[in-house]
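Trainee: this is a predicted model, with the sequence first.
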Amino acid sequence: MESLKEKVTIISGGGLARAIAVVFAKYGAKLVLADNDMARAQTVVEDCKKAGLTSDDVFAVEVNNTKKDDIQNMFDKCIARFGRLDILVNNAGVGRLAPLPAKPPDVYDALLNANVKTQLSIAQLSVPYLKVTKGNIVNLATIVAEDPSSVCGVYGMTKAAVEMFTKTLALEMAEFGIRVNEVRPGVVHTSFYDGFGGGFSKNLQLLREAESAKHPMGRIANPEEVANAIAFLASDMASFITGNAIYVDGGRHCVGPGFAKRQKPQN
Ligand SMILES: NC(=O)c1ccc[n+]([C@@H]2O[C@H](COP(=O)([O-])OP(=O)(O)OC[C@H]3O[C@@H](n4cnc5c(N)ncnc54)[C@H](O)[C@@H]3O)[C@@H](O)[C@H]2O)c1
């Protein structure tokens with residue numbers, strides 16, 4: 001992971017992004033923190049400084065990912081400050097709970113826009129810079145893209161699209177030395193759940209109890225555990241890995257239909 005030192009990295013988002021930024025900061029990467037919530041992004045800048053970066057090594061930029069001009073401005077500021085781009089962590093995403101039949105079209109559009117269209121736009125605009133450095137992209141998908149979960153249908157659909165986008169872009173970019181991978185977390189407690197409803201944002205214990213049982217290791221993930229997998233994929237340790245995914249889900253993707261039964265005490 002030492003290869004992350006001095007690597008110019010854009011990280012989008014603000015929840016999980018905090019842990020990702022701090023892990024990259026500990027390895028000495030130079031960071032652009034892109035969020036639509038500047039107050040929060042500034043607190044992440046401060047956390048990165050506590051982890052060892054100086055003011056010259058890290059800055060925040062306000063980006064609404066749905067606006068192409070904002071995205072281009074983010075790349076322009078990155079190049080103006082650091083002169084290059086090595087790594088894009090395509091992390092910002094949105095989730096909402098609702099059963100498929102009840103999902104209003106505007107929610108469908110919002111999730112598709114936030115999780116697919118914007119991730120794709122950011123990746124597309126990053127390519128010219130990553131060609132120069134033979135850099136790489138790490139996208140954020142999720143276990144519910146392949147493990148259907150009631151009320152997470154539309155969110156899962158958008159992340160299934162991210163999985164295909166990861167593999168296709170990896171194929172297309174391989175000849176340029178650009179790697180494209182993804183991380184598939186199980187549940188990790190972040191502000192993500194504020195938008196989900198169901199009382200999760202107010203009650204961490206509720207989230208832990210409801211979701212821990214679904215993960216064979218018996219708990220949800222810590223943000224740092226997801227960040228570590230991202231750091232590995234972005235580093236030279238993963239130099240021949242592309243179009244691939246790492247699950248950070250305590251084994252949840254291995255769960256078959258008998259898992260719930262096996263959790264009950266056997267007589
Ligand atoms: N938290 C989990 O359990 C979990 C599980 C699997 C996958 N993921 C994925 O991980 C990624 C990060 O999730 P998180 O937990 O940090 O979520 P989060 O809600 O805590 O953070 C998402 C960030 O994205 C930003 N954002 C949203 N829309 C934006 C826009 N239009 N422009 C710019 N920024 C915007 C928000 O301001 C926020 O800071 C997402 O892609 C999510 O789908 C999360």
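Mentor: Structure received. Here the structure is a predicted model, which means the values were calculated and not measured.
Trainee: so which residues on this structure come close to the ligand?
Mentor: Within reach of the ligand by CB under 6 Å from any ligand atom, the chain has these residues: 13-17, 35-37, 63-66, 91-95, 114, 140, 142, 185, 187-188, 190-192. Glycine gets a C-beta too; all of them are placed from N, C-alpha and C.
Trainee: report the buried residues of stretch 96-115.
Mentor: Under the neighbour-count criterion of 16 or more other CB atoms under 10 Å, stretch 96-115 has 96, 97, 98, 103, 107, 108, 110, 111, 114, 115 buried.
Trainee: wait, residue 159 touches residue 144, no?
Mentor: Yes: Residue 159 lies in contact with residue 144 (CB atoms under 8 Å); the separation is 6.9 Å.
Trainee: what about the two, which has more around it?
Mentor: Using other CB atoms under 10 Å as the criterion, residue 159 and residue 144 rank with residue 159 on top: 26 against 22.
Trainee: picking up where we left off before, which of the residues of the chain next to the ligand count as buried?
Mentor: Using 16+ other CB under 10 Å, the buried members of those are 13-17, 35-36, 63, 65, 91-95, 114, 140, 142, 185, 187-188, 190, 192.
Trainee: got the phi/psi numbers for the spatially closest residue to residue 188 that is not a sequence neighbour?
Mentor: Nearest residue to residue 188 in three dimensions, chain neighbours excluded: residue 221, at 4.0 Å (CB to CB, 6 or more residues apart in numbering). Backbone torsions of residue 221, given as degrees, to the nearest 10, read phi -80, psi 150.
Trainee: ok, residue 221 - how many residues close by?
Mentor: The tally of other residues near residue 221 (other CB under 10 Å) stands at 22.
Trainee: one more: residue 52?
Mentor: By other CB under 10 Å, 12 other residues sit near residue 52.
Trainee: how about it, phi and psi?
Mentor: Note on residue 52: its backbone torsions stand at phi 120, psi -10 [degrees, to the nearest 10].
Trainee: wait, what's in contact with it?
Mentor: Contacts of residue 52 were listed using CB atoms under 8 Å, 6 or more residues apart in numbering, and they are 25, 26, 28.
Trainee: residue 51 is in contact with the second one, correct?
Mentor: If I follow you right, that is residue 26. Yes: applying CB under 8 Å, one finds residue 26 in contact with residue 51, separated by 5.0 Å.
Trainee: could you pull out the strands for the stretch 1-150 of the chain?
Mentor: Ranges of strands within the stretch 1-150 of the chain are 8-12, 30-35, 58-62, 87-90, 136-140, based on DSSP state E, counting those that start in this stretch.
Trainee: want to try a markdown table for the ones you listed, with mean pLDDT and distance to residue 214 as columns?
Mentor: As requested, the strands of the stretch 1-150 of the chain are exported to a markdown table (pLDDT from 0 to 100; distance: least, CB to CB, whole Å):
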| stretch | mean pLDDT | distance to residue 214 |
| --- | --- | --- |
| strand 8-12 | 98 | 27 |
| strand 30-35 | 98 | 29 |
| strand 58-62 | 98 | 34 |
| strand 87-90 | 98 | 26 |
| strand 136-140 | 98 | 19 |
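Trainee: adding distance to residue 175 as columns, could you present these in JSON lines?
Mentor: Output for these, formatted as JSON lines (distance: least, CB to CB, whole Å):
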{"stretch": "strand 8-12", "distance to residue 175": "23"}
{"stretch": "strand 30-35", "distance to residue 175": "27"}
{"stretch": "strand 58-62", "distance to residue 175": "31"}
{"stretch": "strand 87-90", "distance to residue 175": "18"}
{"stretch": "strand 136-140", "distance to residue 175": "14"}
